[in-house]
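[1] Predicted model and sequence below, questions to follow.
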Amino acid sequence: MAFVTGLLLVDAPASALNNQGNIPGERYDNSTGVKLIWTKEGYYPYVSAQAFKYWLRTTLEQTGSWVSAPVYREEKIAYTDANPVKYWDDDLFGYMRAHSKRESARAKRESDQLRAGETETTDTVTRAAPFRAGTLVSIAPVTPTSDFGVMSRHEGDPVPHEHQFYRTTLKGLFSLDLKSAGTFWYKQKTGFRNLDEVRKKEAAELGLLHMKQEKAYRLPLDERIKRVTTLFEGMATLDGGAKQTLHYTDITPPVVILAVTRGGNHVFGYVIGGNKRGLPELKIEALEEVLTVFKEEILSDVYVGWVRGYLDEEREKLESFINTPTGSRVRLSHPRESFRELIKALESPENAAWLE
């Protein structure tokens with residue numbers, strides 16, 4: 001099984017990209033804090049995987065070609081249409097749909113005109129997401145800054161308010177299971193009950209490949225590649241984040257590492273770490289070890305995107321390394337160009353086996 005295995009950095013010079021809400025015990029009731037991991041070394045700001053995926057979904061929706069699933073709401077639950085045959089985000093981001101079977105809930109659904117195009121669901125369906133993303137975590141511990149402000153554009157006493165922000169670099173890992181992208185199982189197993197009888201019938205009627213032994217249906221190869229490559233086009237132009245009106249932050253990654261690997265374990269997780277000053281450091285020895293130890297598992301070139309002007313000294317270390325025999329598999333360019341090179345490799349007919 002082949003996976004796209006990737007690492008990205010987000011430069012947050014003065015940011016509050018993901019917040020926890022009010023901070024209990026602070027001097028003002030409206031004091032808001034950033035999400036933090038507390039360790040003995042200090043605080044590590046982070047962006048949850050859910051927030052990161054929300055940024056990516058909304059970025060993809062702006063491309064015009066991405067096909068998003070509608071979201072439905074019942075009293076205390078919400079879910080998408082859960083139809084991976086039709087909707088690209090249900091395919092790549094996964095789902096769980098187990099709506100209420102109460103008669104009152106059924107009647108309410110049937111009377112809702114906004115659900116006119118909903119796919120009928122006859123059974124609980126779940127899909128383990130082919131696209132996996134980890135939490136974006138600060139590369140080093142930092143102490144958040146508390147910013148005090150007042151609202152004073154009115155008569156009377158000003159209204160104080162306070163919020164936290166931080167200066168750091170966030171590191172995140174992601175992975176895409178290429179076999180699962182565009183392949184939909186109907187096994188009686190959590191995460192692999194992607195299709196109920198209604199969705200199976202739709203897949204058959206649309207002529208999807210029936211893989212009887214695997215109990216699955218599969219989209220045509222060109223359709224699967226189109227969905228996968230659009231996902232990575234979106235990552236190259238990632239947009240989003242909280243408090244952008246106060247702490248405008250460009251969240252497009254200044255550094256990415258991408259490769260197609262055999263197996264879903266992440267081989268690049270220790271290639272970039274934090275130095276004593278709390279700044280990102282490219283660990284050439286770790287990269288060299290990865291390229292040597294996992295030589296057979298790394299199926300593609302290793303695409304490294306590094307923006308000029310961002311930690312140029314670290315970039316220069318990589319420029320020297322790629323002239324060595326071990327480093328010859330590394331293709332260094334701008335992050336957007338690295339995503340394009342990956343997309344080009346995925347689209348190449350000679351690499352079709354990666355999606356098997």
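    Structure's in. What do you need?
[2] now residue 262, which residues is it bridged with?
    Note on residue 262: beta-bridge partners by DSSP bridges are residue 2.
[3] Residue 26 and residue 164 touch, don't they?
    No. Checked against C-beta atoms under 8 Å, the pair residue 26 and residue 164 is beyond contact range at 9.7 Å. Using the backbone N, CA and C atoms, a C-beta is placed for each residue, glycine as well.
[4] Neighbour count for those two, which is higher?
    Between residue 26 and residue 164, counted using other C-beta atoms under 10 Å, residue 164 has the larger neighbour count: 23 against 14.
[5] Now the more buried one: closest residue in space that isn't a chain neighbour?
    Leaving aside its sequence neighbours, residue 164 sits nearest to residue 144 (C-beta to C-beta, 6 or more residues apart in numbering; 4.2 Å).
[6] residue contacts, residue 169?
    9, 10, 11, 12, 138, 139, 279, 280 (C-beta atoms under 8 Å, 6 or more residues apart in numbering).
[7] what helix or strand is it on?
    For residue 169, the host element (DSSP states H and E) is strand 159-177.
[8] Could you give the average pLDDT over that strand?
    Averaged over strand 159-177, pLDDT sits at 95.
[9] Give the buried residues for it.
    For strand 159-177, the neighbour count (16 or more other C-beta atoms under 10 Å) marks 162-177 as buried.
[10] out of the residues you listed, who's nearest residue 133?
    Nearest to residue 133 among the buried residues of strand 159-177, counting by C-beta to C-beta, is residue 174 at 4.6 Å.
[11] chain center to the lowest-mean-pLDDT helix or strand in the chain, what's the gap?
    Lowest by mean pLDDT, DSSP states H and E among the helices and strands of the chain is helix 103-111, with a mean of 78. What separates the centre of helix 103-111 from the centre of its chain is 34 Å, taken as C-alpha atoms, centre = their mean, to the nearest Å.
[12] The stretch 51-200 of the chain: helices as residue ranges?
    88-93, 103-111, 197-205 (DSSP state H, counting those that start in this stretch).
[13] Touching, residue 11 and residue 250? I think so.
    Yes. Taking C-beta under 8 Å as the definition, residue 11 is a contact partner of residue 250 at 7.4 Å.
[14] Between the two, which is the more surrounded one?
    Taking other C-beta under 10 Å, residue 11 and residue 250 do not tie; residue 11 has more neighbours (20 against 16).
[15] residue boundaries of the helices in the stretch 251-356 of the chain?
    Using DSSP H, counting those that start in this stretch, helices in the stretch 251-356 of the chain cover 284-293, 312-321, 335-347.
[16] Quick one: closest of these to residue 202.
    Of all the helices of the stretch 251-356 of the chain, it is helix 335-347 that lies closest to residue 202, at 26.4 Å by C-beta to C-beta.
[17] one step back: could the helices of the stretch 51-200 of the chain be laid out in CSV, adding mean neighbour count and distance to residue 191?
    Listed next are those as CSV, based on neighbours: other C-beta atoms under 10 Å; distance: least, C-beta to C-beta, whole Å:
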stretch, mean neighbour count, distance to residue 191
helix 88-93, 25, 13
helix 103-111, 11, 25
helix 197-205, 16, 15
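[18] Could you export those helices to a markdown table, including columns for distance to residue 348?
    Below are the helices of the stretch 51-200 of the chain laid out as a markdown table (distance: least, C-beta to C-beta, whole Å):
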| stretch | distance to residue 348 |
| --- | --- |
| helix 88-93 | 20 |
| helix 103-111 | 45 |
| helix 197-205 | 27 |
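[19] Point out where this structure drops to low pLDDT.
    The chain contains residues with pLDDT under 70 at 99.
[20] just the strands in the stretch 101-250 of the chain please.
    Counting by DSSP state E, counting those that start in this stretch, the stretch 101-250 of the chain has strands at residues 125-127, 131-133, 136-138, 145-151, 159-177, 183-185, 209-211, 216-218.
[21] quick one: which of the ones you listed is nearest residue 344?
    For the strands of the stretch 101-250 of the chain, proximity to residue 344 was assessed by C-beta to C-beta; strand 159-177 is nearest, at 16.0 Å.
[22] could you give the angle of that closest one to helix 335-347?
    If you take axes from the mean of the first three to the mean of the last three C-alpha atoms, to 10 degrees, strand 159-177 sits at 30 degrees to helix 335-347.
[23] between strand 159-177 and strand 145-151, how big is the angle?
    Angle, strand 159-177 to strand 145-151, by the same axes, to 10 degrees: 130 degrees.
[24] CA-only coordinates of strand 159-177, as PDB, when you get a sec.
    Taking C-alpha atoms only, strand 159-177 is exported to PDB below (Å, rounded to 0.1, in the frame of the first residue of the first chain):
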ATOM      1  CA  VAL A 159     -14.800  48.100  27.900                       C
ATOM      2  CA  PRO A 160     -11.600  46.100  28.600                       C
ATOM      3  CA  HIS A 161     -10.700  42.900  26.900                       C
ATOM      4  CA  GLU A 162      -7.700  40.600  26.800                       C
ATOM      5  CA  HIS A 163      -6.500  37.800  24.600                       C
ATOM      6  CA  GLN A 164      -3.400  35.600  24.100                       C
ATOM      7  CA  PHE A 165      -1.200  35.300  21.100                       C
ATOM      8  CA  TYR A 166       2.200  33.700  20.400                       C
ATOM      9  CA  ARG A 167       5.300  33.800  18.200                       C
ATOM     10  CA  THR A 168       6.500  30.300  17.000                       C
ATOM     11  CA  THR A 169       6.600  27.800  14.200                       C
ATOM     12  CA  LEU A 170       4.000  25.000  14.100                       C
ATOM     13  CA  LYS A 171       4.900  21.600  12.700                       C
ATOM     14  CA  GLY A 172       2.300  19.100  11.400                       C
ATOM     15  CA  LEU A 173       2.300  15.700   9.800                       C
ATOM     16  CA  PHE A 174      -0.100  14.300   7.200                       C
ATOM     17  CA  SER A 175      -0.700  11.200   5.200                       C
ATOM     18  CA  LEU A 176      -2.900  10.100   2.400                       C
ATOM     19  CA  ASP A 177      -3.800   6.400   1.800                       C
END
